[in-house]
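S.K.: everything below, folded, please.
(chains A and B)
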There are 2 protein chains.
Amino acid sequence: MNDDNAAERVIQDLRAALTGAPPGTRLPTVRELTARHQASPITVTRAIRALAAEGLLDTQPGRGSFVAARPAPPASAAPDLSWQSIALGPRPPGEDSMQALLAIPRPGAIPLSSGYLDPDLQPASALGAALARAARHPASWQRGPVEGREDLRAWFARGAGPMRAEDFVICPGGQSALATAFRALAAPGDTVLVESPTYLGALAAARAAGLRVVPVPADVDGVRPDLLAAALHRTGARLFYCQPLFANPHGATLSPARRPEVLAEVTAAGAFLLEDDYARDLAVDGDPPPPLVANDPGGHVVYLRSLTKSAAPGLRVAAIGARGPAGARLRAARVLDDFFVAGPLQQATLDFVTSPAWPRHLRSLRTALRTRRDALLDAVRRHLPALDPPAVPRGGLHAWLRLPEGTDDVALTTAAAARNVVVFPGRPWYAAEPDAPHLRLTFAAAPPPLLEEGVHRLAQALRDG
Amino acid sequence: MNDDNAAERVIQDLRAALTGAPPGTRLPTVRELTARHQASPITVTRAIRALAAEGLLDTQPGRGSFVAARPAPPASAAPDLSWQSIALGPRPPGEDSMQALLAIPRPGAIPLSSGYLDPDLQPASALGAALARAARHPASWQRGPVEGREDLRAWFARGAGPMRAEDFVICPGGQSALATAFRALAAPGDTVLVESPTYLGALAAARAAGLRVVPVPADVDGVRPDLLAAALHRTGARLFYCQPLFANPHGATLSPARRPEVLAEVTAAGAFLLEDDYARDLAVDGDPPPPLVANDPGGHVVYLRSLTKSAAPGLRVAAIGARGPAGARLRAARVLDDFFVAGPLQQATLDFVTSPAWPRHLRSLRTALRTRRDALLDAVRRHLPALDPPAVPRGGLHAWLRLPEGTDDVALTTAAAARNVVVFPGRPWYAAEPDAPHLRLTFAAAPPPLLEEGVHRLAQALRDG
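M.R.: Sure, this is the predicted structure:
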């Protein structure tokens, strides 16, 4: 404490000497201050350095301290932050694509890229009523289990084969579940296998976790089991990230023949399959097949399901589950990442998905998505007849358009933006070199006439490009 | 595709052969199936392996395949998940303490440990009204900027010196902000300095980010600047995590004399100071000093403020800000970690903190916390007169009780739990060896009579222990 008192006396002394003194005025020396305040030279030096850091005085080695030439810069002046580049080191990769993916379109732009439903397709009134009820329930503001409400976890477990409520943890959206899973199930330097192409948010989260991302080619029937087996063998990977249903961006569903093969390869390799079942509620043509986790007696599948895409961007609620030690690892990592999900959101989610409004929403959503998908594909056939028509996505939000050889997909995206149409280029969805230039076209974020107009302008951009 | 069709034919053939056949029945060989379906031996082997993974057949190397002795185990049977321990590798440290910290007390237990306000002290009705309004506002369900609402970020920036709205990003609670900051501002293997003792959630998040955590002693005036300078010099650390106001667990506030010294040392080292201003709204004796960031022209302070502790556990809203490249790094990492915070929660938060209910809540909270703090300290003096009375915390939620030399703080916690009193041991709050055994006693989570009774039982546990 004595040192502090001395430091405080020196600082007060210097502040008094500074007050009203013209810039350049010499201040007492370290030796003078040491004697005057019976403080150690270290204490005096620290006090001088503190005032120098506030911009009040300048020190000139060997000459002494002087009233600073100008006052500390006001908050509005641009400070010199160049020191930060040394402290921060190299910038991690992959963040630009995420920023672009989540950018909000200009008003009036036609959104042919979006990860969310058009507001017209969202059950805002049922959600609003559920959250308003939850908000007025004092218990919902209290802390529940860190893993999330038992009843909500049980709801997520119902569709997930051998999983039980206690295998799950509730997360604030699917991205947070992915980010936690890559950190919890692998260590920096490990390899993760991914379909190629695949969801760029997963690519970015895996890279941010320090993982080496190795692509495994997929086709219209999903990932190729023979190449998955080869990749598991060659890399020793213990984690395979997969969207077996309506994969983002290309829309493929893992075929019935490949399902057991993929599970067998993962099992044989002693690996985990992270099943990102993001589009379970977005089937357009009939009921979707069950998730892979339903055929996983051995605890190899880590299962992720989010409600954000099937409801509204504001409903940031997802669940991730795994059995055995993997589940414990996931739940422990979630606590470190953000403790638990806000109680009112959990209660509103449970209320909504167990009400008649939920199946009603899913039915009308399916019809609307089918209309929009067909409208987008019609528009592509009409305005871009020279291109291979995209494979018909049987669910999800997107179609995957192969561009003519040599087209620059990023430049075309810019050209489309100049015509006020937002599309997303194919390149960022590949962990390695793309097989061909592509665009991802979203059919869920605009009504049919806008889809038609957007594709029309895209065709102009491609022609004039 | 041909391979897949062949695989599918083989699988169907085998399923037909399996149906109704008694266990042990020999199935067609690879050679027979290869000929019958014009499939490659690899395809046939993959098909057999897939059915084996479903538990339908057994393969015996060199002998062939046989109908499995029993059907696939039902979901209720305990599966063999021992392979997971190979895939997962070593378990990360520090997670147990977090689980204990966030465990929900048994009904009827006296909570002398909690990170949150007693429900009686929470503004549940004002919060509920604000969230109910936000819920019924369709726009709040839509996506806003990933960094969070501009107006809410501006509110957080008001108290934060040179920071502006665009320097901040809204997070789902303070823990998520901490976890992101440790990952975004340092790389695995880097050193982070922390006060000793310090918040165990920060210790766990820093370790999970792969950082080396080096403690710097603190006393009743906060961290010691001379030792901070020595630690910065010795370790080359570029990041110092600090709670300058009512530090958790020991309650100290960085003294006026030390504030400029700490900033000067951090500036001289070209380092960041992560200011966790978790207790800004929890001042008990008069107004708190401004945050360190208010005296930071050089962009060294990364500023974190949460509303969860001052409002309710269900209001998981915090903001973290930094100027310059550090801010960009933080915001980019937040997007990878969980995209953005649910819109209705952001709107409700803004609504609440800009309403007359907020200053009213803070005033009554201050009075209640003072009463409870005094009641806890009185009870300690009365029931534990032989101990050094704890330093009087001038804010926050906790007092820090030094135990007699040689006391086992963890065993005492267990003994108190047997008497239905929840306390938290001191050991997990240290990054290295504790200087002495301690308990953290929370005064915010129970009314005065329960505080009195809890300390009474704690004294019994210590005496009988």
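S.K.: all contacts plus neighbour counts: C-alpha atoms, from now on.
M.R.: OK.
S.K.: may I ask which helix or strand encompasses the residue nearest the centre of chain A?
M.R.: Central residue of chain A (C-alpha atoms, centre = their mean): residue A:175, 4.3 Å from the mean position. Residue A:175 is part of helix A:174-185, with elements assigned from DSSP states H and E.
S.K.: okay, residue A:47: pLDDT?
M.R.: At residue A:47, the model reports a pLDDT of 83.
S.K.: I'd assumed residue A:11 was in contact with it.
M.R.: Yes: contact criterion C-alpha atoms under 8 Å: residue A:47 and residue A:11 qualify, at 5.7 Å.
S.K.: quick revisit: just name whatever secondary elements the helix holding residue A:175 is in contact with.
M.R.: Counting contacts by 3 or more C-alpha pairs under 8 Å, 6 or more residues apart in numbering or on different chains; DSSP states H and E, helix A:174-185 is packed against helix A:200-208, strand A:301-306, strand A:318-321, helix A:325-338, helix B:325-338.
S.K.: pick the most buried one from the ones you listed.
M.R.: strand A:318-321 (a mean of 29; mean count of other C-alpha atoms under 10 Å in any protein chain shown).
S.K.: can that one be said to contact chain B?
M.R.: No: under the criterion of C-alpha under 8 Å from any C-alpha of the partner chain, chain B is not reached by strand A:318-321; the shortest gap measures 11.1 Å.
S.K.: who's more crowded, residue A:47 and residue A:11?
M.R.: Between residue A:47 and residue A:11, counted using other C-alpha atoms under 10 Å in any protein chain shown, residue A:47 has the larger neighbour count: 27 against 20.
S.K.: which stretch of helix or strand covers that one?
M.R.: helix A:41-53.
S.K.: all strands of the stretch 351-465 of chain A, in order?
M.R.: A:398-402, A:421-422, A:424-425, A:438-442 (DSSP state E, counting those that start in this stretch).
S.K.: can you lay out those as JSON lines showing distance to residue B:33 and mean pLDDT?
M.R.: Below are these laid out as JSON lines (distance: least, C-alpha to C-alpha, whole Å; pLDDT from 0 to 100):
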{"stretch": "strand A:398-402", "distance to residue B:33": "37", "mean pLDDT": "97"}
{"stretch": "strand A:421-422", "distance to residue B:33": "51", "mean pLDDT": "96"}
{"stretch": "strand A:424-425", "distance to residue B:33": "45", "mean pLDDT": "96"}
{"stretch": "strand A:438-442", "distance to residue B:33": "40", "mean pLDDT": "97"}
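S.K.: out of those, which is closest to residue B:217?
M.R.: strand A:424-425 (51.8 Å; C-alpha to C-alpha).
S.K.: off-centre distance for the closest one?
M.R.: The chain centroid and the centroid of strand A:424-425 are separated by 17 Å under C-alpha atoms, centre = their mean, to the nearest Å.
S.K.: contacts made by that strand with the rest, please.
M.R.: Strand A:424-425 is contacted from outside by A:101, A:112, A:113, A:409, A:410, A:412, A:413, A:438, A:439, A:440, A:441, using C-alpha atoms under 8 Å, 6 or more residues apart in numbering or on different chains.
S.K.: residues contacting the closest residue to residue A:427 other than its chain neighbours?
M.R.: Nearest residue to residue A:427, sequence neighbours excluded (C-alpha to C-alpha, 6 or more residues apart in numbering or on different chains): residue A:434, at 6.2 Å. Applying C-alpha under 8 Å, 6+ apart to residue A:434 gives the contacts A:197, A:426, A:427.
S.K.: touching, residue A:146 and residue A:340? I think so.
M.R.: Yes: in this structure residue A:146 lies within contact range of residue A:340 using C-alpha under 8 Å: 5.0 Å.
S.K.: more crowded one of these two?
M.R.: Using other C-alpha under 10 Å, the more surrounded residue of residue A:146 and residue A:340 is residue A:340, with 28 against 21.
S.K.: for that one, give me its contacts.
M.R.: Residues in contact with residue A:340 (C-alpha under 8 Å, 6+ apart) are A:145, A:146, A:147, A:148, A:170, A:171, A:334.
S.K.: got the phi/psi numbers for residue A:219?
M.R.: Note on residue A:219: its backbone torsions stand at phi -130, psi -160 [degrees, to the nearest 10].
S.K.: before we move on, what about the one 4 residues further on?
M.R.: Residue A:223 has phi and psi values of phi -60, psi 150 when expressed as degrees, to the nearest 10.
S.K.: I figured it hits residue A:216, correct?
M.R.: Yes: Residue A:223 lies in contact with residue A:216 (C-alpha under 8 Å); the separation is 6.9 Å.
S.K.: what is in contact with those two at once?
M.R.: With C-alpha under 8 Å, 6+ apart, residue A:223 and residue A:216 have common neighbours A:195, A:196.
S.K.: what about those two, which has more around it?
M.R.: residue A:223 (28 against 24).
S.K.: the more buried one and residue A:417: what is the separation?
M.R.: Noted for residue A:223: a distance of 32 Å to residue A:417, by C-alpha to C-alpha, to the nearest Å.
S.K.: using CSV, lay out the strands of the stretch 351-465 of chain A together with mean neighbour count and distance to residue A:278.
M.R.: Listed next are the strands of the stretch 351-465 of chain A as CSV, based on neighbours: other C-alpha atoms under 10 Å in any protein chain shown; distance: least, C-alpha to C-alpha, whole Å:
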stretch, mean neighbour count, distance to residue A:278
strand A:398-402, 24, 13
strand A:421-422, 26, 22
strand A:424-425, 24, 19
strand A:438-442, 26, 15
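S.K.: ok, which of those comes nearest residue B:35?
M.R.: strand A:398-402 (38.1 Å).
S.K.: could you check the angle strand A:438-442 makes with the closest one?
M.R.: 160 degrees (axes from the mean of the first three to the mean of the last three C-alpha atoms, to 10 degrees).
S.K.: the longest helix belonging to chain A to strand A:398-402, inter-axis angle?
M.R.: Of all segments of type helix in chain A, defined using DSSP state H, the longest is helix A:357-383. Counting by the same axes, to 10 degrees, helix A:357-383 points 20 degrees away from the direction of strand A:398-402.
S.K.: helix A:357-383 near chain B at all?
M.R.: No: figure legend: helix A:357-383 not in contact with chain B (C-alpha under 8 Å from any C-alpha); closest approach 15.9 Å.
S.K.: how about that helix: buried residues?
M.R.: A:357-358, A:361-362, A:365-366, A:368-373, A:375-381, A:383 (16 or more other C-alpha atoms under 10 Å in any protein chain shown).
S.K.: avg pLDDT for the helix holding residue A:175?
M.R.: 95.
S.K.: how far is it from where the chain is centred?
M.R.: Taking C-alpha atoms, centre = their mean, one finds the center of helix A:174-185 at 10 Å from the center of the full chain.
S.K.: between that helix and helix A:325-338, how many degrees?
M.R.: Interaxial angle, helix A:174-185 versus helix A:325-338 (the same axes, to 10 degrees): 120 degrees.
S.K.: what is the end-to-end distance of stretch A:152-168?
M.R.: End-to-end for stretch A:152-168, by C-alpha to C-alpha: 10 Å.
S.K.: next, count neighbours for residue A:313.
M.R.: When neighbours are defined as other C-alpha under 10 Å, residue A:313 has 25 of them.
S.K.: whoops, I mixed them up, residue A:60
M.R.: Neighbour count of residue A:60, defined by other C-alpha under 10 Å: 9.
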